[in-house]
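A.B. asks: Quick one: sequence and predicted model below, then my questions.
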Amino acid sequence: MNIRTLTSFSILVLLLACPLLHGAELKVRVATFNTSLNRPQAGQLREELLRGDCLQAQQVAEVLQRVRPDIVLLNEVDYDSTGQVAASLIKTYLGQSQHGQMPLNFTYSFLAPVNTGVPSGIDLDGNGQTDGSGDDFGFGRFPGQYGMLILSRFKIDQAAARTFQNLLWKEMPQARLPTDPKTGASFYSAEALKVFRLSSKSHWDVPIQIQSQTLHLLASHPTPPVFDGPEDRNGCRNHDEIRFWADFLGSRQASYLVDDNGQRGGLPRRAAFIILGDLNSDPHDGDSVPGAVDQLLMHPRVNNGQTPGSKGAAAFATAGRNARHRGPAAQDTADFPDSNPGNLRVDYVLPSRNLKTMSSGVFWPTAAEPGAELLTVSDHRLVWIDILLK
């Protein structure tokens, strides 16, 4: 290989490895993916990944290698305080070609504890016991199950990141706390409300440094609005977990927002952000409280000009319950049973209005398209959006 060929080859590799430049603008792809990388026992996921032959992780990695995000939030990755889960995913799975796809290299990661499986010591589900999974701050078989993980090709400002794992639900003004529909009394006891946390996992504000700009990733995974009773306690919590971000974006009530380090308040008004995650709420269908996700979709600071979609989701428009849905089938992001509730749009990547968007999509190929065999890896689909930064 001569010098000229070597130089051309090096340039090609550099272009493929870096985010795309558009003149004076930089294209950055941001994604969210509920990977279902959760296991029934603590440490089980870590041990599987360290063996290097976890088929599900290989399939997750291939999906990511096909879409090639620069920044991604992974939901339902069991929390691992040693960092080995993140390191193994980055090096052994994403850093290695999966079925001929180009390796995807992430330099930075962010993880923090979540509320799933953390005992409250209080009877939260009203069954007279205090040691069941319904009495944890978030449903989980062990602390950290169904956790979150952020991977980035750009530097994460770890010191400036904010987490809201411990914020109490009762601190939210006019919180939608559940009541007994028969008596109108509070479903939760006064003792429970003294300790009950708002986040079923956590809420994160993670700043990403992209050249001279800061992009705030606002990450969460609210509880599903089901698996409860007529009091709709999970529906109420899902609504307020979503409302958290609406308040964080500049509500007059944002003063109640105190993070785990004691810092008070929401996001500065001019800050650029992307809200992302599995929010477990569809704007038209499903069991969430009506208008729950509209708190973000209709927020004046949110750029709702791009709605990701796919042909694969559209193909199920007439299947079972889907035929009665009001929302466009092409915008669905989760493949739930066709009998009930049907496919829904529950995964979101919502940029701020001061960000310029370019394109978006959902990784949901049709049966005839490449990658269709990967859809069994999770009942959720990866959602992405391209933004342009100056």
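C.D. replies: Arrived safely.
A.B. asks: Show me what counts as buried in stretch 84-93.
C.D. replies: Under the neighbour-count criterion of 16 or more other C-beta atoms under 10 Å, stretch 84-93 has 85-86, 88-90, 92-93 buried. C-betas here are computed from N, CA, C, even on glycine.
A.B. asks: again, but for stretch 49-57
C.D. replies: For stretch 49-57, burial by neighbour count (16+ other C-beta under 10 Å) applies to 49, 54, 56-57.
A.B. asks: Stretch 269-286 now?
C.D. replies: By neighbour count, with 16+ other C-beta under 10 Å as the criterion, the buried positions of stretch 269-286 are 271-283, 285-286.
A.B. asks: farthest-separated two in the residues you listed?
C.D. replies: With C-beta to C-beta as the measure, no two of these lie farther apart than Ala271 and Asp285, at 32.2 Å.
A.B. asks: any chance you could map the helices in the chain?
C.D. replies: 3-17, 44-51, 55-67, 84-88, 190-193, 233-248, 294-297, 311-314 (DSSP state H).
A.B. asks: Could you check how sure the model is about the fourth one, as an average pLDDT?
C.D. replies: So the one you mean is helix 84-88. Along helix 84-88, the predicted confidence averages to a pLDDT of 98.
A.B. asks: do the same with the longest one
C.D. replies: When pLDDT is averaged along helix 233-248, the result is 98.
A.B. asks: re the thing from before, distance to Gln253 added to the buried residues of stretch 84-93, as a markdown table?
C.D. replies: Output for the buried residues of stretch 84-93, formatted as a markdown table (distance: C-beta to C-beta, whole Å):
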| residue | distance to Gln253 |
| --- | --- |
| Val85 | 36 |
| Ala86 | 35 |
| Ser88 | 41 |
| Leu89 | 38 |
| Ile90 | 39 |
| Thr92 | 45 |
| Tyr93 | 42 |
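A.B. asks: Go through those residues and name the one nearest His203.
C.D. replies: Of the buried residues of stretch 84-93, the one sitting nearest to His203 (C-beta to C-beta) turns out to be Ala86, at 19.6 Å.
A.B. asks: residues touching the closest one, list them.
C.D. replies: 80, 109, 111, 149, 151 (C-beta atoms under 8 Å, 6 or more residues apart in numbering).
A.B. asks: try Ala87
C.D. replies: Contacts were defined as C-beta under 8 Å, 6+ apart; by that measure Ala87 touches Ser109.
A.B. asks: What residues does Ser360 make contact with?
C.D. replies: With contacts defined as C-beta under 8 Å, 6+ apart, Ser360 is in contact with 306-309, 349, 383-386.
A.B. asks: looking at the residues you listed, which has the most residues close by?
C.D. replies: Val383 (31 neighbours; other C-beta atoms under 10 Å).
A.B. asks: Tell me, what's the model's pLDDT at that one?
C.D. replies: Reported pLDDT for Val383: 98.
A.B. asks: go on, Ser97?
C.D. replies: You'll see Ser97 listed with a pLDDT of 98.
A.B. asks: hang on, the earlier thing: may I see the buried residues of stretch 49-57 organised as a markdown table, with pLDDT and distance to Phe244 added?
C.D. replies: Supplementary listing: the buried residues of stretch 49-57 in a markdown table, determined by pLDDT from 0 to 100; distance: C-beta to C-beta, whole Å:
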| residue | pLDDT | distance to Phe244 |
| --- | --- | --- |
| Leu49 | 98 | 31 |
| Cys54 | 98 | 33 |
| Gln56 | 98 | 31 |
| Ala57 | 98 | 31 |
